[in-house]
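Novice: Got a predicted structure here, sequence first:
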Amino acid sequence: MPRISISVLLFCATLFAQKPADLIVSAGTVVTMDAQYRVIPNGAVAIRGGRILAAGPKVEIEQSYRAKSRIGRPDAILLPGLVNAHTHAAMSLLRGLADDVNLDTWLRQYIFPAEARNVDREFVRWGTRLAMLEMLLGGTTTYTDMYYFEDEVAEVTRQAGMRGVLGQTVIGFPAPDFKTPESALAAAEQFILKWKNDPLVTPAVAPHAVYTNSPGTLRAAAQMADKHGVPFLIHVSETKPEDLPVHEKYNQTATRLLAANHAIARRSVFAHGVWITPEDRPLLVSHRVGVVHCPSSNMKLGSGQMPLAEFLKLGIHAGLGPDGPAGSNNDFDMFEEMDLAAKLAKVNGGDLNAVTARTVLEMATIGGARSLQMDKEIGSIEPGKRADLITVSTLAPHATPAHDPYSLLVYSLKAADVQDVVVEGRTIVRARTPLTLNAAEILKKAREIRAKVDASIRK
């Protein structure tokens, strides 16, 4: 009978003691964004069934788990996937249509007419795919959308394996998909019922704004959101001129009008919030409203600056978003939003520590998840949470040398440094190659639709 060496026996014992995993991702540094802000040098994360099993030193994870697949990035940072808390994905196809004009001119003279002539299911399908291609390559794993034909958005989001908080728009004039707010509300409820149990899609109702909807419509939308326990997405006090007609008509601020009409839902997310008054901010606290800072958009449209430091001091949960890529912003780059958010707060606030690199990275991850009330599921690397992770290379000259990971991620690294993207435990970008989206096909189709949009504008 052949002898079995002690080393072989030890190997077999270790193998049998290991727990099964679907995927182990390791990196030179793991930034967890958990409650302790753990940063793990030479760390790894084990994943099974779309959930995080464990995060810790690579040697410990390798000893404890055996995986079917591995991603090893010794020269990268592994962190939670970025949470884009406010955007309009399909507007990628209107990129650059109208720049250097104010919000009202941009909307009424350019965007609303272009949408009326061009937006249909095909437009939304390919515009969303184009947006997702850019977002995934830039490390965004969850995006929050407000647009039309949202059922189409949900379908292509699930196909791509991305996570979406998707709001069916309700607006007080004929839209490309529904001609009345009543029909849009009815469609929003059907959309919610269809998608509310999907692992990747979180449906929402999205009244466009206070100035584009009646108090009754806003109240009905909030009641619908509460009835189904879904997010209520809305633009609030983005610009000063936007707030003036609301005050003139109702003698109230937008926030007060929403509160007075019972139109603040339990999962409300206010985008922009630039001109929310100090007197109204306690309402955001008492209603647990999440706010979304969109620095690129607010700067580009001259809208003003969200009082971010003051919101954070009050304990208001704040996320980050690029807004739409068609005048208010021309890309979906969350790295750019982090960099600008930190710097913009310093320019006008004077307190260089009021909004730090770690603070804005938090806003782009667990803070964004909190603003959506999804922080129990996403936003940090912790056992039991959904496995939404990205790796970001630190090999480029602009990433060298590296001293502090938060500073590096916010002030130095770029969207183009993202290497791998994992959503729900599934690798959908590997070594900057998208695995669920056909980049060549998407870009070709986008150029075709651009030609149609251009032709429609010239009519």
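Specialist: That came through fine. Predicted model only: the values in this text are computed from it and were never measured.

Novice: can you pull out the strands in the stretch 1-150 of the chain?
Specialist: Ranges of strands in the stretch 1-150 of the chain, per DSSP state E, counting those that start in this stretch, are 19-31, 39-48, 51-57, 65-80, 82-87, 140-147.

Novice: Tell me which of the ones you listed sits most buried.
Specialist: Most buried of the strands of the stretch 1-150 of the chain, by mean neighbour count (mean count of other CB atoms under 10 Å): strand 82-87, with a mean of 30. Every C-beta, even on glycine, is put in place using the N, C-alpha and C of the backbone.

Novice: got the angle between that one and strand 140-147?
Specialist: 10 degrees (axes from the mean of the first three to the mean of the last three CA atoms, to 10 degrees).

Novice: switch to numbering from 829
Specialist: Fine by me, first position is 829 from now on; the one you just mentioned is strand 910-915.

Novice: on that earlier part again, export the strands of the stretch 829-978 of the chain to a markdown table and append columns for mean pLDDT.
Specialist: What follows is those, written out as a markdown table (pLDDT from 0 to 100):
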| stretch | mean pLDDT |
| --- | --- |
| strand 847-859 | 98 |
| strand 867-876 | 98 |
| strand 879-885 | 98 |
| strand 893-908 | 98 |
| strand 910-915 | 98 |
| strand 968-975 | 98 |
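
Novice: now those in CSV, with distance to residue 1149?
Specialist: Formatted as CSV, the strands of the stretch 829-978 of the chain follow (distance: least, CB to CB, whole Å):
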stretch, distance to residue 1149
strand 847-859, 21
strand 867-876, 26
strand 879-885, 25
strand 893-908, 16
strand 910-915, 3
strand 968-975, 7
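
Novice: out of these, which comes closest to residue 1159?
Specialist: strand 910-915 (10.4 Å; CB to CB).

Novice: May I have the beta-bridge partners of residue 872?
Specialist: Residue 872 has the following beta-bridge partners by DSSP bridges: residue 854, residue 884.

Novice: Could you give the number of residues near residue 1129?
Specialist: 25 (other CB atoms under 10 Å).

Novice: Just give the nearest non-adjacent residue to it, would you?
Specialist: residue 931 (5.0 Å; CB to CB, 6 or more residues apart in numbering).

Novice: so the one you found touches residue 1154, yeah?
Specialist: No. In this structure residue 931 lies outside contact range of residue 1154 using CB atoms under 8 Å: 12.0 Å.

Novice: Break the protein down into its domains, please.
Specialist: 834-908+1209-1260, 910-1199 (automatic domain parsing).

Novice: Output those domains as a markdown table; include the columns distance to residue 1273.
Specialist: Below are those laid out as a markdown table (distance: least, CB to CB, whole Å):
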| stretch | distance to residue 1273 |
| --- | --- |
| domain 834-908+1209-1260 | 20 |
| domain 910-1199 | 5 |
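
Novice: which one of those is the most hemmed in?
Specialist: The highest mean neighbour count among these, using mean count of other CB under 10 Å, belongs to domain 910-1199: a mean of 21.

Novice: distance between that domain and the chain's centre?
Specialist: Centroid separation for domain 910-1199 versus its chain: 10 Å, with CA atoms, centre = their mean, to the nearest Å.

Novice: Now do the contacts for the residue lying closest to residue 1082 once chain neighbours are set aside.
Specialist: Sequence neighbours aside, residue 1038 is the residue nearest to residue 1082 in space, at 4.2 Å (criterion: CB to CB, 6+ apart). Applying CB atoms under 8 Å, 6 or more residues apart in numbering to residue 1038 gives the contacts 1046, 1062, 1064, 1074, 1082, 1085-1086.

Novice: ok, those residues vs residue 1252, which is closest?
Specialist: residue 1062 (27.6 Å).

Novice: who does that closest one bridge with?
Specialist: Here residue 1062, judged by DSSP bridges, has bridge partners residue 1098.

Novice: ok, back up a step: closest to residue 1282 out of the domains of the chain?
Specialist: Of the domains of the chain, nearest to residue 1282 by CB to CB is domain 910-1199, at 9.0 Å.

Novice: and the closest one, how far apart are its ends?
Specialist: Domain 910-1199 has an end-to-end distance of 13 Å (criterion: CA to CA, to the nearest Å).
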